[in-house]
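Participant: quick one: sequence plus predicted model below, questions after.
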Amino acid sequence: MNVCRLAAHLLIVAACTSPALAAGSLKTLTVAQQGKADFRTVQEAVDHAPAEGAIIRIAPGKYREKIHISTQNIELIGTGKQPQDVVLSWNDSAKSAGGTGKSGSVSVDADGFAAENLTIENTWELEHERLEEGSQAVALLMSSDKAVLDRVRLLGAQDTLYANSRTCHDNLPKDGSAPAPGRTACLASRQYFHDCYIEGHVDYIFGDAKAVFDHCELHSRHHDTVMLTAQSKHFPEEDSGYYFLHCRITGQDVGDKVVLGRPWRDYSTVLFYDTDVEQKIAADGWSEWSGRLKTSNYREYKSHGPGVNGGHRIVSYPPLSPDEEKFWTPSELLGSPDRWDPVAGVARLRKLVH
C-alpha cells in the first residue's frame, strides 16, 4: 500500500490507493473441518487465495490454528447462526512467541481485511499462570487500511486487540527515540469495528490505527487495574486515534480499578461518545503513563449508566461543540481522502453469511 500523507494544514497532497475490489469479483473459498469444502484449515484457504483477495466462508467449528494474512482483501465469513459458532483460536504469548507483535492468534498485515460473524480468541491466560513479564497475548493483530469487522468477538486478557497502523512508521526514528517536531503529516490505517464484543483487562485495545468502534461492547475481565485502551499516536501530525461511538462498558464490579485508557505514546488520542457505562469506572477516568497525559488528547462526552462515577477526571478537555458532534460518524471520521464508506461495507458483509 502507498503511504498516505497530508500537508501540514491537512491538505491532501497524495491520495491513498487501495486495491479493494467489488465483492462480486472476489473468488469464494470454503473451509470446514469435515464434509465438502475446499480446505480443512483457514490458513490453507488464505495461502491459496488469489493475489487480489478472496471471500473465505468458514463452517461452524473451533479452528485451533495460528493464522497470518498477508494477502489483500481477505474476507473471513463465519457461516454459523451466531459469532460463537465459528472460533479461530490460538494461545501464544509475548514470552512464548518472542514478542507481543508475534503473539497474535490472527495477524493481518494487508489492506482491505474484513471479518463477519465469528470469534477470534487468545486462550493463553486461561491455560497458563500469569507472569510479571511476557503475558501480553494478542487475539487479533491488525495492520490493515480499510478494514471492516462486523459482529466479531475478540477474546483475550492483556493486549487482546492490536489495532495498528503501518502507514506512519517511516516517520519514526529508527533508534526508538521520540519523533522530532514538524514531521511530515500522515494518515494512519483506517479500521471500522461494528457491533463487536471485545474482552480483556490490561491495555486490551492498543496501537496507532485510526479506528472507530460503533455500537460495540467492551467487557472487562477481572484484574486489579483494567485499562480499556492504550492508544499510541506518536506525533501530532499523525492522524490516528480511537473513537468509541454509542458503545457499552460491561464487567463485574469486584473492586477492580477500571479506567478508559492510558497513553502508550506521547500523543495518545481517544474519544468516548454516548457510552453506556454499566461497569463502575474510576472517578479519575484515565491513568497516567510516564508523564504522557499532558500531551495526550482524551475526551469523554455524554456518558450515562450506573457505572459513570462522575466527578473528577484526571484530564480536562473542551466542551462539546455542535460541529464536532456532527462529525463523529464512521463515514466522516474514516472517509477521507477517498470517500470510503465503512457502513456500506457492513451491509455487504452481512449478505455473505448465508
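Facilitator: Thanks, I have it. As the structure is a computational prediction, the values presented were derived from the model and not from experiment. Numbers count the residues shown, from 1 in each chain.

Participant: can you give me the mean pLDDT across stretch 249-260?
Facilitator: Across stretch 249-260, the average pLDDT comes to 97.

Participant: what comes up buried for it?
Facilitator: Buried residues in stretch 249-260, counting neighbours by 16 or more other CB atoms under 10 Å, are found at 249-251, 256, 258-260. Where you see a C-beta, it was placed from the backbone N, CA and C, and this is true even at glycine.

Participant: could you do stretch 316-329 as well?
Facilitator: So, applying 16+ other CB under 10 Å, buried residues of stretch 316-329: 328-329.

Participant: show me which of the buried residues of stretch 249-260 is closest to Gln34.
Facilitator: In terms of CB to CB, no member of those lies closer to Gln34 than Thr250, at 35.6 Å.

Participant: okay, now the unreliable bits of this protein?
Facilitator: Scanning the chain for pLDDT under 70 picks out 1-24, 170-183.

Participant: helices along that one, start to end?
Facilitator: With helices called from DSSP state H, the chain shows them at 42-47, 94-97, 124-127, 322-327, 330-334, 342-350.

Participant: what comes up buried for the third one?
Facilitator: By neighbour count on 16+ other CB under 10 Å, the buried set for helix 124-127 is 124-125.

Participant: how far does that helix sit from its chain's centre?
Facilitator: Here the centre of helix 124-127 is set off from its chain's centre by 21 Å, with CA atoms, centre = their mean, to the nearest Å.

Participant: show residues contacting it.
Facilitator: Applying CB atoms under 8 Å, 6 or more residues apart in numbering, the external contacts of helix 124-127 come out as 91-93, 96, 103, 135, 137, 156-158.

Participant: what of the fourth one?
Facilitator: If you take CB under 8 Å, 6+ apart as the criterion, helix 322-327 is touched by 273, 301, 332-333.

Participant: show me what counts as buried in stretch 341-354.
Facilitator: Those would be 342, 345-346, 348-350, 352-353, for stretch 341-354 by 16+ other CB under 10 Å.

Participant: stretch 125-136 now?
Facilitator: Buried residues in stretch 125-136 (16+ other CB under 10 Å): 125, 134-136.

Participant: do stretch 223-241 as well
Facilitator: Using 16+ other CB under 10 Å as the test for burial, stretch 223-241 gives 223, 226-241.

Participant: bridged to the nearest residue to Gly305 once chain neighbours are set aside, which residues?
Facilitator: Closest residue in space to Gly305, ignoring its immediate chain neighbours: Val277 at 4.2 Å, by CB to CB, 6 or more residues apart in numbering. On the basis of DSSP bridges, Val277 is bridged to Ile249.

Participant: from Gly200, how far out is Val277?
Facilitator: 17 Å (CB to CB, to the nearest Å).

Participant: compare the two (neighbour count), which wins?
Facilitator: Legend: neighbour count by other CB atoms under 10 Å for Val277 and Gly200, higher for Gly200 (29 against 23).

Participant: quick one, what contacts that one?
Facilitator: When contacts are counted by CB under 8 Å, 6+ apart, Gly200 touches 155-161, 220-221.

Participant: among these, which are in strands?
Facilitator: 155, 161, 220 (DSSP state E).

Participant: can you give me the neighbour number for the first one?
Facilitator: Same thing as Leu155. 24.

Participant: and for the last one?
Facilitator: By the other CB under 10 Å criterion, the neighbourhood of Ser220 contains 22 residues.

Participant: do the same with Ser105
Facilitator: Neighbourhood size, Ser105 [other CB under 10 Å]: 29.

Participant: is it true that it touches Lys66?
Facilitator: Yes. The pair Ser105 / Lys66 is scored as a contact, 6.3 Å apart, by CB atoms under 8 Å.

Participant: between those two, what contacts are shared?
Facilitator: Contact criterion CB under 8 Å, 6+ apart; residues shared by Ser105 and Lys66: 90, 92.

Participant: can you name the residues bridging to the residue nearest the centre of the chain?
Facilitator: Closest residue to the average C-alpha location of the chain: Ala163 at 3.5 Å, with CA atoms, centre = their mean. Beta-bridge pairing for Ala163 (DSSP bridges): Met142.

Participant: same check, this time on Phe39
Facilitator: Beta-bridge pairing of Phe39 under DSSP bridges involves Val31.

Participant: okay, now it: neighbour count?
Facilitator: 17.

Participant: residue contacts, it?
Facilitator: Contacts of Phe39 by CB under 8 Å, 6+ apart are 29-31, 45, 48.

Participant: of those residues, which is the nearest to Ser144?
Facilitator: Nearest to Ser144, judged by CB to CB, of these is Ala45 at 17.6 Å.

Participant: from Lys146, how far out is the closest one?
Facilitator: In terms of CB to CB, Ala45 sits 21 Å off from Lys146.

Participant: go on, Gly207?
Facilitator: Taking CB to CB, one finds Gly207 at 16 Å from Lys146.

Participant: tell me which of those two has more neighbours.
Facilitator: Neighbours were counted for Gly207 and for Lys146 using other CB under 10 Å; Gly207 has more, 28 against 24.

Participant: enumerate every residue touching the more buried one.
Facilitator: Gly207 makes contact with 161-165, 231-232 under the criterion CB under 8 Å, 6+ apart.
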